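A.B. asks: curious how this folds, go ahead:
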Amino acid sequence: MSRIGRMPVVIPAGVTVTIKDGNEVTVKGPKGELTRTFAPELTIEEKDGHIIISRPNDIKRIKALHGLTRSLIHNMVVGTSEGYQKVLEVNGVGYRAAKQGKVLTLNLGYSHPVEMTDPEGIETICDGQNKIIVKGISKEKVGQYAAEIRTKRPPEPYKGKGIKYEDEHIIRKAGKTGKK
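C.D. replies: Next up is the predicted model:
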């Protein structure tokens, strides 16, 4: 049996979970509300402040969906109660980030500034000129938007210039060496 799928999802205080027909799960919490429809083959039920996901058989596809569904519901519960955030660092001479309204402006060594508008449900905060914090209740959307920001100038291996995640380690390469 799936080790992850077998674990119950604990519902913290202040969070309500509604399970409708067709496995449509709605999670409401202090930070917001998320809704998602899951595979109809699985059984999702709420018992004593826990959500339990069970599967009818051991077909490979259903075994895979079992753990996935549990993880997605857990992410919804954590997102609506605590929220998610990713921190990005801008490294390089003259590289900087600025926020004005819902528009994030990045100066990354190109001939023009790169402007990005925050998607719905996502908020970006500039902490100084070289730190960007992406916040939201959907783990999926926060990670996707942080990845889109990073693709504007990924870190390079020689000097480490570019946009990287706070906990990311860049493997450095040696530069050119002189003639022998």
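A.B. asks: for the chain, longest strand please?
C.D. replies: strand 84-91 (DSSP state E).
A.B. asks: and that one, C-alpha only, in CSV?
C.D. replies: Written as CSV, here are the backbone C-alpha positions of strand 84-91 (Å, rounded to 0.1, in the frame of the first residue of the first chain):
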residue,chain,number,x,y,z
TYR,A,84,3.7,29.2,0.8
GLN,A,85,6.7,31.3,-0.2
LYS,A,86,9.8,31.1,-2.3
VAL,A,87,12.8,33.4,-1.9
LEU,A,88,14.9,34.4,-5.0
GLU,A,89,18.2,36.3,-4.9
VAL,A,90,19.4,38.5,-7.7
ASN,A,91,23.2,38.4,-8.0
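A.B. asks: please name the nearest non-neighbouring residue to Gly14.
C.D. replies: Pro30 (5.3 Å; CB to CB, 6 or more residues apart in numbering). Just so you know, the C-beta spots here come from the backbone N, C-alpha and C atoms, and that holds for glycine as well.
A.B. asks: what do you get for Ile137?
C.D. replies: That would be Gly79: by CB to CB, 6+ apart, it lies 4.1 Å from Ile137.
A.B. asks: you'd agree the one you found is in a helix?
C.D. replies: Yes. Counting by DSSP: H, G, I helix; E, B strand; the rest coil, Gly79 is located in a helix.
A.B. asks: the closest residue to Val90 other than its chain neighbours: neighbour count?
C.D. replies: Counting by CB to CB, 6+ apart, Val90 lies nearest to Asn130, which is 4.4 Å off, once chain neighbours are set aside. Look at Asn130: counted by other CB atoms under 10 Å, it has 15 neighbours.
A.B. asks: re the thing from before, so who does the residue nearest to Ile137 touch?
C.D. replies: Going by CB atoms under 8 Å, 6 or more residues apart in numbering, Gly79 touches Val27, Gly29, Lys31, Gly32, Leu34, Gly136, Ile137, Ser138, Lys139.
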